[in-house]
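[1] the following block contains a protein sequence and its predicted model.
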Amino acid sequence: MNLLEVIELNARYGDALDRFDLATWQALFTPDAVYRAQARENFDRRLPLAAIYLDGHGMMTDRITGIEKTLVFAPRFTRHVIGLPTLDATAAQLPVPTTARTPFIIVQTVTTGLPEILATGCYHDALIETENGIRLASRNAVYDNALIPNSLVYPL
Amino acid sequence: MNLLEVIELNARYGDALDRFDLATWQALFTPDAVYRAQARENFDRRLPLAAIYLDGHGMMTDRITGIEKTLVFAPRFTRHVIGLPTLDATAAQLPVPTTARTPFIIVQTVTTGLPEILATGCYHDALIETENGIRLASRNAVYDNALIPNSLVYPL
Amino acid sequence: MNLLEVIELNARYGDALDRFDLATWQALFTPDAVYRAQARENFDRRLPLAAIYLDGHGMMTDRITGIEKTLVFAPRFTRHVIGLPTLDATAAQLPVPTTARTPFIIVQTVTTGLPEILATGCYHDALIETENGIRLASRNAVYDNALIPNSLVYPL
């Protein structure tokens, strides 16, 4: 595992979400991975409450079905710009699992309005190597703004 | 061609535009490259309409002359933060031409106002290798927000 | 020194500031480094005035003490998304010291409000190699928006 592979993983993550390709998004996680979206206030105090909590591919599939089939919400485009990861070590060969912190800005455009910042924050990740490349064993999308404009529909 | 070279190309692209160095911007394209800036609504429906359409260095030169000599607009600073590219393949050695999708946020500050998001979107590129390094054979700057604050002067 | 090392330095820089870890921020500079935060209007005219001017670790320590012990300001979270650097040369082996230009967006969330863009701009750096890796011999954080929402407390 090296920095460039982590960069590539994050590029695919944001690209998949912004194209509404939730199957590709899910495939970036290991089958038993935990995904959370948690306000920084809770994260910093080590409180467990999270706006989204998905334990494994099964719950991810449920969420995807909800978004695509059930939920009613205003059409929107999102755009992730994911920054550069800070890894445990600067060595080209990283320990496994590796933890990373990676900043993000997500901008949202609802129908024909102006773009607005949906959330900023930091991904707290555990990464492992698999036969298919590196994957997220867990990702906690810790967002800085407790107040989310509009509503949180897609994963951050 | 490898991921780092694509990263470098994008860094130079944003840096040139934000310094108003349009000659350097133009030189990142092959002589017969096509540059477009197109709303995502049109792109997703495969409609041809684009806010800016420049076919080759000749039309780019015309646009640059217009911006620098003819157009009247409020002074502004722009700032591109270009994300990480998603390429066709994860191989260090990529096929040529290579297509890439790369997210962007462009923030604009008009005169003495507060910064505002000008546009977010995704560059859809075809990249080729030349004697002088990799170059854009085509770039479509697909922007998410159909409504652009102020007006679109510089290329995205 | 190579592009990936510069990317790693910038990732650690933003990560440290956004976690309020100012000691780690300071350690990314050489002991006699100069840090400035300067409006682009002044930078472009080669005027010396800067909103923050810190000459060496001693003045940085003073500023850190001021932020942590003395200054009174509304609690806030910041988030740096730092783009990709444009270096002097594309060679894997760069000249030393190397100068770099790197774009940034900093988003701020004050207490329970919505996120807002604090500043956008470009870091103008001189980088050198040390026993502990590359370090900033100088950084000028040139910000595009002369008007800063709220107030400038932390370094950009």
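    Looks like it came in fine.
[2] where along chain A do the strands fall?
    Applying DSSP state E to chain A gives strands spanning A:29-39, A:52-55, A:76-82, A:86-87, A:98-110, A:116-130, A:133-143.
[3] what's the least confident stretch among those?
    Note on the strands of chain A: lowest mean pLDDT is at strand A:86-87, with a mean of 90.
[4] what mean pLDDT does stretch A:8-16 have?
    Stretch A:8-16 comes out at a mean pLDDT of 96.
[5] pull the CA atoms of it into CSV?
    The C-alpha trace of stretch A:8-16 is given here as CSV (Å, rounded to 0.1, in the frame of the first residue of the first chain):
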residue,chain,number,x,y,z
GLU,A,8,-6.7,6.7,-6.3
LEU,A,9,-9.2,5.1,-3.8
ASN,A,10,-10.4,8.5,-2.7
ALA,A,11,-10.7,9.7,-6.3
ARG,A,12,-12.9,6.8,-7.2
TYR,A,13,-15.0,7.3,-4.0
GLY,A,14,-15.9,10.9,-4.8
ASP,A,15,-16.3,10.2,-8.5
ALA,A,16,-18.8,7.3,-7.8
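[6] up against chain B, what does chain A have?
    By C-beta under 8 Å from any C-beta of the partner chain, the residues of chain A that approach chain B are A:4-5, A:7-8, A:10-12, A:14-15, A:18, A:77-82, A:105, A:107, A:109, A:112-117, A:133. Placement of C-beta: from N, CA and C, glycine included.
[7] keep those residues, but drop any that are not near chain C.
    Subset of those in contact with chain C: A:4, A:81, A:105, A:116-117, counting by C-beta under 8 Å from any C-beta.
[8] tell me which of these is nearest to B:Val72?
    Set against B:Val72, the nearest of those by C-beta to C-beta is A:Glu116 (29.2 Å).
[9] how near is the closest one to B:Ile117?
    Separation of A:Glu116 from B:Ile117 (C-beta to C-beta, to the nearest Å) stands at 8 Å.
[10] cool, A:Glu129 as well?
    37 Å.
[11] show me which of the two is the more surrounded one.
    Neighbours of A:Glu129 and B:Ile117, each counted by other C-beta atoms under 10 Å in any protein chain shown, are more numerous for B:Ile117; the result is 23 against 14.
[12] that older thread, for ChimeraX, what selects the buried ones among the residues of chain A next to chain B?
    Buried residues within the residues of chain A next to chain B, by 16 or more other C-beta atoms under 10 Å in any protein chain shown, are selected in ChimeraX with:
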select /A:4,5,7,8,10,11,12,14,15,18,77,78,79,80,81,82,105,107,109,115,117
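[13] returning to that earlier point: between A:Glu116 and B:Ile117, what contacts are shared?
    Listed as contacting both A:Glu116 and B:Ile117 by C-beta atoms under 8 Å, 6 or more residues apart in numbering or on different chains are A:Val107.
[14] once you drop chain neighbours, what's closest to the residue nearest to the spatial centre of chain A?
    The residue lying closest to the centre of chain A (C-alpha atoms, centre = their mean) is A:Leu156, at 4.7 Å. In this structure, A:Leu156 finds its nearest non-sequential neighbour in A:Ala141, 4.0 Å apart by C-beta to C-beta, 6 or more residues apart in numbering or on different chains.
[15] who does the one you found bridge with?
    Note on A:Ala141: beta-bridge partners by DSSP bridges are A:Ala37, A:Tyr123.
[16] okay, now it: neighbour count?
    Counted with other C-beta under 10 Å, A:Ala141 comes out at 23.
[17] just the one 3 residues further on next, same as before
    Around A:Asp144 sit 22 other residues, with neighbours defined as other C-beta under 10 Å.
[18] check contacts around the closest residue to it other than its chain neighbours.
    Excluding the flanking residues, the one nearest A:Asp144 by C-beta to C-beta, 6+ apart is C:Phe77, at 4.0 Å. The neighbours of C:Phe77, taking C-beta under 8 Å, 6+ apart as the test, are A:40, A:120, A:144-145, C:18, C:108-109.
[19] for B:Thr24, find the nearest of the strands of chain A.
    Minimum separation from B:Thr24 across those (C-beta to C-beta) falls at strand A:76-82, 22.8 Å.
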